[in-house]
Structure formats: C-alpha cells, structure tokens
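Trainee: Here is a sequence together with a model predicted from it:
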Amino acid sequence: MWIQRAEGRKPRMMERYTDPLTGKSKTASVTIQNDTARGRKKTEAELTALLGELTKPARIMAQELTLEELCAEYVNYLRTRGRKASTILRTESQFRQFCDLLGADTLATSVNARMINTMLDHVSKPNAWKNESIKRLKALFSFAARRDYIADASFLAKLELFPEQTKRAKVRDKFLEKDDLNAVLDSMTVDYWRDLTAFLALSGLRVGEAIALDLDDIDMTCRLIKVSKTYSSTSHETTAPKTLDSNREVFMQDQLLEVCRRMRSRSLRMAVLFGVRDRAFIRQGDGQRARYDAFRKYFGEHCQKVLGRHCTPHILRHTMTSLFAEQGIPLEVIQHRLGHSDSSTTKDIYLHVTERRKQMEHELIRNLAII
C-alpha cells in the first residue's frame, strides 16, 4: 500500500488488485480522514476490507439466497425462455409446496439430499407425485448450480426414487378398454358431456384443444377438424397449441363425424337459446364454452362409479391410441393424428395393445386342427 498526496486535497491510501471479472490490474483507494498514525491504521483496515469485496469470486454467493428466492429466480428464468403461462403457473404451484415442506426461508446452501429424502419420506403424497417432485427439484438445483447460486449440486444424485407400478401395469392404467369406455358412456345422462367424452376418445384431441375449437374449425364437408390453438385450464386463456406438431388436421371417421354433427347442431341451438355470440363448438348447459373443471369433475365421478377408479379426461387421448392400435392402424398414423412426432407413452400403449392382439391370435390357432 502507498499514500498518494495532492495539494489542496486529503491524502488517499492506495493499493493495486486484480479484477476477478476482467483479469486486469486496477487500483483501489480510501481517503485518510485523519492523517495521524492511528488514522492511517484505521484507513488501512478499511482499504483491506474493500479489497476483500473487490476481489471476491465473481458469483452470487449461495448463502444470500433462500429457497423461496431461488424458486423465484428459476420461474423468472422460465419466463425469459418463453415458456407458456400454464407451465409457469404449474411450476409456481409445485414450488409453493416445496417452500411449505422445506421452509421458504431455508438457505439454498442448506438444502441437501438428507433433507429432501426425509421430507419425501414423510409427506402424504402418492409415490408418483414424489418422483415428479424429485424431477422438479433436480431441475431447480441444477439451474442454481449453473448460475452459481450454489457451489455444487452433486447431492442430487443421492435423491432416492420411490417404487411405482410396473411398466406394464402403468401402461394398462393409461387408457380405457373399449368395453370400459362404452360402460362409462352408457352411464352418462348429460348429453353434451357424453358427446365430448366420445369426441375425445374418437379424435385423440387434448381437452384444451377440443374446448378451444370454434365452429369454423370443423369442416363437415371435407371431414376435417383443424387444430390450431388450445385452452389452458391453469391460466384460463387460449394460446398456441402445445408444440409445432400440434398444429394439424384430424380426419373424421364415420363415428366421429356423427358425433360432430350432434355437437355442431347443439352449439348453434344453444347460441340462439342463450343469446351468445361466440362461435364455440363445444358448449355446456348454460350455453357457454365448455369449462374444463366442470367436465373433469363429471367424467371423473362417472369413471369412479362405473370402473371403481378415478380418471382424468386425458385418459381419453390415450384411449384413442389403444382403439386405433386394436384396428391395426400404423403407429405413425396415430402419432400424426395425436399431433406429436414422438411419445414414449403412445409407443408403450401401441406396443402393449399390438402384443395383446398377437397373443390373442396365437390362442385362436393354438389348437386349430386343419388336417
């Protein structure tokens, strides 16, 4: 350190340091308020403290962030990457649960594998929820490590997954058998919900895609359903579809065409009856565009009553895969109809159904006597 003096000004204590951001040599200085031995000693201490701050590693120190703050940083990151509002809302909801379970004020550096595993061991949630939580926590803390909010994320490898159903059992639970679907349909007394159930099982559209449809999207002459938007039950807004492949045209087979005729006719009648001017293709009892929560509740209750298990409407999309696979429709055709180029779930269902068909064929000819 050295002292720099200039006429008419108080002396300054100086020292060179290397800027950790640029690697260049710079000079720091502190004014000597009292140019005495004691004053210079005090200034030297102040300059030493300043140098410590200026040469601190160029990263946001992890101890400065709480779990709640880290979650907020990650959500903001998703926004800057253009993620859909519905995705952000779901992520925020999950993070609020993490903050409740682990403590919103818990420091990011204090979170470790033991804390997370213990939390998951004691929370009253299905194992599937716990494994999904592990997936989201890994994304959160991997982000934190990439952004230097924490020094190390290697503890993520110690998170313990929970046992779930076997793959075969999980695949069976993802769709309805034809007889099960017909039983659920037969139990429904509300015509617009029954037709929507059949529509989803025959078309393979996502529920949001179906609710967002307008009358103009249904070409009865060419027998095409034009999918170009979706309704988010989370953000309650109509947006672009899930992926680029989701923009598609779905051909109406005879059964689907008949269902669409009924739905179109009902929509036009209800628009006149209730005096609504929108062009919604699917309406509910009050004449308004169908609401996802109302349909999910109705569908889930009937599945519980008829099948003894609760199902969400998304199972109807997978049901279309199984129905088409049973008829020998190629996987590529099914994938195009569903609006995605690749899906492990669709492949699993397709292979499961086609394997079952093969086994049935084997049984048919096992004891066949021809000569």
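Mentor: Cool, the structure landed.

Trainee: thinking residue 27 is in contact with residue 19, fair?
Mentor: No - the pair residue 27 and residue 19 does not pass the contact test of C-beta atoms under 8 Å, sitting 10.5 Å apart. For the C-beta atoms, the positions are set from N, CA and C on the backbone; glycine is no exception.

Trainee: just the strands in the chain please.
Mentor: Taking DSSP state E as the test, the strands found in the chain are 2-4, 12-18, 25-31, 218-219, 224-227, 230-232, 237-239, 248-251.

Trainee: Distance from the chain centre to the first one, please.
Mentor: Okay, so that is strand 2-4. Its chain's C-alpha centre and that of strand 2-4 lie 60 Å apart, by C-alpha atoms, centre = their mean, to the nearest Å.

Trainee: per-domain residue ranges of the chain.
Mentor: 2-58, 63-164, 171-361 (automatic domain parsing).

Trainee: Tell me which of those domains is the most buried.
Mentor: domain 171-361 (a mean of 17; mean count of other C-beta atoms under 10 Å).

Trainee: Show me how far that one is from its chain's centre.
Mentor: How far domain 171-361 lies from its chain's middle: 20 Å, per C-alpha atoms, centre = their mean.

Trainee: Alpha carbons only: can I get the longest helix along the chain in CSV?
Mentor: What stands out as the longest helix in the chain, according to DSSP state H, is helix 344-366. C-alpha atoms of helix 344-366 as CSV (Å, rounded to 0.1, in the frame of the first residue of the first chain):
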residue,chain,number,x,y,z
SER,A,344,-43.0,-42.8,-25.2
THR,A,345,-46.5,-43.2,-23.8
THR,A,346,-48.1,-43.6,-27.2
LYS,A,347,-45.4,-46.2,-28.2
ASP,A,348,-45.9,-48.1,-24.9
ILE,A,349,-49.7,-48.3,-25.4
TYR,A,350,-49.4,-49.2,-29.0
LEU,A,351,-46.9,-52.0,-28.3
HIS,A,352,-48.9,-53.2,-25.4
VAL,A,353,-52.1,-53.5,-27.5
THR,A,354,-50.5,-55.0,-30.5
GLU,A,355,-48.7,-57.6,-28.3
ARG,A,356,-52.0,-58.4,-26.7
ARG,A,357,-53.6,-58.9,-30.2
LYS,A,358,-50.7,-61.1,-31.2
GLN,A,359,-51.2,-63.3,-28.1
MET,A,360,-55.0,-63.5,-28.8
GLU,A,361,-54.2,-64.6,-32.4
HIS,A,362,-51.8,-67.3,-31.0
GLU,A,363,-54.5,-68.6,-28.7
LEU,A,364,-57.0,-68.7,-31.6
ILE,A,365,-54.8,-71.0,-33.7
ARG,A,366,-53.1,-72.9,-30.9
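
Trainee: wait, doesn't residue 20 sit right on residue 53?
Mentor: No - applying C-beta under 8 Å as the test, residue 20 and residue 53 come out as separate, 11.0 Å apart.

Trainee: Low-confidence stretches in this structure?
Mentor: Within the chain, the ranges that satisfy pLDDT under 70 run 21, 57-63, 165-169, 341.

Trainee: Which residue ranges of it form helices?
Mentor: With helices called from DSSP H, the chain shows them at 37-54, 67-80, 85-102, 113-122, 127-146, 167-172, 178-187, 191-203, 207-211, 254-274, 292-307, 315-326, 331-338, 344-366.

Trainee: Show residues contacting the fourth one.
Mentor: With contacts defined as C-beta atoms under 8 Å, 6 or more residues apart in numbering, helix 113-122 is touched by 101-102, 130, 133-134, 137, 155-156, 158-160, 162.

Trainee: swap in stretch 304-317?
Mentor: Stretch 304-317 is contacted by residues 174-176, 180-181, 183-184, 187, 197, 200-201, 204-207, 292, 295-296, 299-300, 303, 338 when judged by C-beta under 8 Å, 6+ apart.

Trainee: Repeat the analysis, applying 7 Å as the threshold.
Mentor: Stretch 304-317 has contacts (C-beta atoms under 7 Å, 6 or more residues apart in numbering) with 174-176, 180, 183-184, 187, 197, 200-201, 204, 206-207, 295-296, 299-300, 303, 338.

Trainee: Kindly report the same for stretch 214-225.
Mentor: For stretch 214-225, using C-beta under 7 Å, 6+ apart, the contacting residues are 203, 226, 249-252, 257, 260, 264, 267, 279-281.
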